[in-house]
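1. Need coordinates for the below:
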Amino acid sequence: MIRSLRNRLLVGGLATTLVVFGAAGAGLYALLRGALIGEFDATLDAQAMALASMVERSRDGFHFDADANPFATADHDARPDYFLITDASGNPIAASPSLRTRPWPMNPAAAGSARPAHAFVEMPGDRRGRTVRFTFTPRSEDDAPATPSATAPIAVARDATALRHRLNHLAWIVAGVFAAAIALSGAGAALVVHRGLRPLGTLADRIRDLGAADLSERVELRGAPSEMIPIVTRLNVLLGDLESTLARERAFTADVAHELRTPLAGLLATLQVTRSRRREPAEYQTALQRCQTIAEAMIGMVETLLLLARADAHQLAPQTTRLDLAVAAGAAWANHAPDADARDIDARLDLPANAAVRTDPKLLDLLLRNLMDNAVTYCDPGGRITLVVTTADDGARFSIANTGSAIDAADVPRVTDRFWRFDAARGAAGHHGLGLALCRRLADVLAIAMTIRSERGGQFVVELAFARDE
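-> Residues are numbered from 1 along each chain as shown. Predicted coordinates for the structure are as follows:
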């Protein structure tokens, strides 16, 4: 099996060249062979016609003008030529002198047609000859009537040794030219393939030099063929994506270590202080409650990270069903209303019924709860939260807005990054900068268009657009 691209191109090119040159060589040889044989046959036909013109017929029979016979003085030992003219019954009218000592190679009566018939024949002396045969009507001297018996078959044979030599010589020339052309074509094809595949080798070397330590390098091929430009472009895009992914993974790992170190340090400090001396039972109870709160926050962060990892691995398969978006939003808000009341937040709900959507109820509830938890946590004390559900021909929409936003409009694209938090929001207990990142991934999984707007000192708004329920 030929696995190398270079060998495949060479073998394919040589096979194509072999077929094309072989067909061209065979056609050229056939054309030249036909020309040589045609030239030989023309001379043979001229001799036969000259002999036929020497025959006259009268009422007494056929007469041959022997004095004008061109074969009479020929050296038949050096070049044996033959002719034989007979009447319709096969009786000889005239024959070449050489037939006195040599047998006739062919029967002229076998022609049977006025159209000349040519063929190669074996001649006496183990020679190859060529013959022409046809039937003609001799001229009449006394107006003898033309009858079927008035026709005369004629056959002329000439030695074709020289013709055979020329044909063999021609065959060798064509074969030699064919072999030389194949050899030169093979060498040229090897050179062209080598030069043509050189950019691939250069590309392989560049890729081989790339390493995970520095993915900022890009592949550049000056003068690359147009067919390779999409490959190089796509490769550079993949390298950029890989660089970005690894950078995010490194940042993610560092952020996870940082976020876990802080609660673990707090947990360890609480335990160390508690064990430093004997304390009252109430103090132990307070310390244990603090440890439990820290552990629950850590468990929440780990669970969120696991959910994000499942979403990234496309392991969250939505189980869609038809539900009322307003009812789902109202149920989710019921869990956060006490926290909003504790912070004196004015909650305004505009949730009309019959806002039908088709989605996964559990994942939608998780998405809504995270959005509402974010709004309650970062709304200014005494501020306002607005929840609105609307319907239109293109589907249903849900929006949640809270006042007291500390996020500039320029920072909005970053709020869904994992562990990203604005400095003013870092004091929110129990939050690790994963809520909006999880919301973004859940929205992607549920095919919900999620948009975020923010104005520092104004409102922070998140809107979910659901496709129309068919």
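
2. switch to C-alpha atoms for all contacts and neighbour counts from now on
-> OK.

3. Helix, strand or coil: sort out Ile385 for me.
-> Secondary structure, DSSP: H, G, I helix; E, B strand; the rest coil: Ile385 is strand.

4. isn't it right up against Ala347?
-> Yes. Between Ile385 and Ala347 there is a contact at 4.8 Å, judged by C-alpha atoms under 8 Å.

5. Please identify which of those two sits among more neighbours.
-> Between Ile385 and Ala347, counting by other C-alpha atoms under 10 Å, Ile385 is the more crowded of the two (23 against 17).

6. Show me the helices in the stretch 151-300 of the chain, by range?
-> 161-196, 198-209, 229-275, 281-312 (DSSP state H, counting those that start in this stretch).

7. List the neighbours of stretch 5-22 that are in contact with it.
-> Residues from elsewhere that reach stretch 5-22 (C-alpha atoms under 8 Å, 6 or more residues apart in numbering): 2, 178, 181-182, 185-186, 189-190, 193-194, 197.

8. Now that stretch: buried residues?
-> 10-11, 13-14, 17-18, 21-22 (16 or more other C-alpha atoms under 10 Å).

9. could the helices of the stretch 151-300 of the chain go into JSON lines alongside distance to Ala334 and mean pLDDT?
-> Shown next, in JSON lines, are the helices of the stretch 151-300 of the chain (distance: least, C-alpha to C-alpha, whole Å; pLDDT from 0 to 100):
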{"stretch": "helix 161-196", "distance to Ala334": "70", "mean pLDDT": "88"}
{"stretch": "helix 198-209", "distance to Ala334": "57", "mean pLDDT": "78"}
{"stretch": "helix 229-275", "distance to Ala334": "29", "mean pLDDT": "77"}
{"stretch": "helix 281-312", "distance to Ala334": "20", "mean pLDDT": "79"}
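
10. among these, which is nearest Asp417?
-> Smallest distance to Asp417 across the helices of the stretch 151-300 of the chain (C-alpha to C-alpha): 9.6 Å, for helix 229-275.

11. Against which helices or strands is the closest one packed?
-> helix 281-312 (3 or more C-alpha pairs under 8 Å, 6 or more residues apart in numbering; DSSP states H and E).

12. Identify the spatial nearest neighbour of Leu436, chain neighbours not counted.
-> Closest residue in space to Leu436, ignoring its immediate chain neighbours: Thr416 at 5.0 Å, by C-alpha to C-alpha, 6 or more residues apart in numbering.

13. Counting neighbours, what do you get for that neighbour?
-> 19.

14. cool, and Ala95?
-> With other C-alpha under 10 Å as criterion, Ala95 counts 22.

15. pLDDT score for it?
-> Ala95 is assigned a predicted lDDT (pLDDT) of 83.

16. which residues does it contact?
-> Contacts of Ala95 by C-alpha under 8 Å, 6+ apart are 82-85.

17. Return the set of residues that bridge with it.
-> According to DSSP bridges, the residues that bridge with Ala95 are Leu84.

18. so where is the stretch 301-450 of the chain shaky, pLDDT-wise?
-> 313, 315, 421-433 (pLDDT under 70).

19. Tell me where it has strands.
-> Under the criterion DSSP state E, counting those that start in this stretch, the stretch 301-450 of the chain contains strands at 321-324, 346-350, 356-359, 384-392, 395-403, 449-454.

20. In contact with Leu325, which residues?
-> Per C-alpha under 8 Å, 6+ apart, neighbours of Leu325: 354-357, 389, 396, 398.

21. any idea how far it lies from Leu464?
-> From Leu325 across to Leu464, the span is 11 Å (C-alpha to C-alpha, to the nearest Å).

22. Residues that sit against both of the two, list them.
-> Phe398.

23. State the number of residues packed around the nearest residue to Arg322 once chain neighbours are set aside.
-> Take Arg322 and drop its neighbours on the chain: the residue closest to it by C-alpha to C-alpha, 6+ apart is Arg358, 4.4 Å away. Applying other C-alpha under 10 Å, we find 18 residues neighbouring Arg358.

24. so Arg358 touches Ala328, yeah?
-> No. The pair Arg358 / Ala328 is not scored as a contact, 12.0 Å apart, by C-alpha under 8 Å.

25. Show me the shaky parts of the stretch 51-200 of the chain.
-> In the stretch 51-200 of the chain (pLDDT under 70), the answer is 67-80, 98-112, 124-125, 141-149.

26. From Leu200, how far off is the residue nearest to Leu235 when sequence neighbours are not counted?
-> Take Leu235 and drop its neighbours on the chain: the residue closest to it by C-alpha to C-alpha, 6+ apart is Val219, 7.7 Å away. Using C-alpha to C-alpha, we find Val219 at a distance of 12 Å from Leu200.

27. ok, now Ala465?
-> Counting by C-alpha to C-alpha - Ala465 and Leu200 are separated by 48 Å.

28. Who has more neighbours out of these two?
-> Neighbour tally, Ala465 and Leu200, criterion other C-alpha under 10 Å: the higher count belongs to Ala465, 19 against 15.

29. quick one: pLDDT of the more buried one?
-> 92.

30. Bridging across strands, which residues link to it?
-> Arg397, Ala449.

31. I'd guessed it sits against Phe398; true?
-> Yes. With contact defined as C-alpha under 8 Å, Ala465 reaches Phe398; the gap is 6.7 Å.

32. Ala392: neighbouring residues, count only.
-> 10.

33. Would you mind measuring from it to Thr386?
-> In terms of C-alpha to C-alpha, Ala392 sits 19 Å off from Thr386.

34. do the same with Asp81
-> In terms of C-alpha to C-alpha, Asp81 sits 121 Å off from Thr386.

35. Neighbour count for the two, which is higher?
-> Asp81 (23 against 17).

36. thinking that one is in contact with Asp159, fair?
-> Yes. Look at Asp81 against Asp159 with C-alpha under 8 Å: they come within range, at 6.1 Å.

37. All set, thanks.
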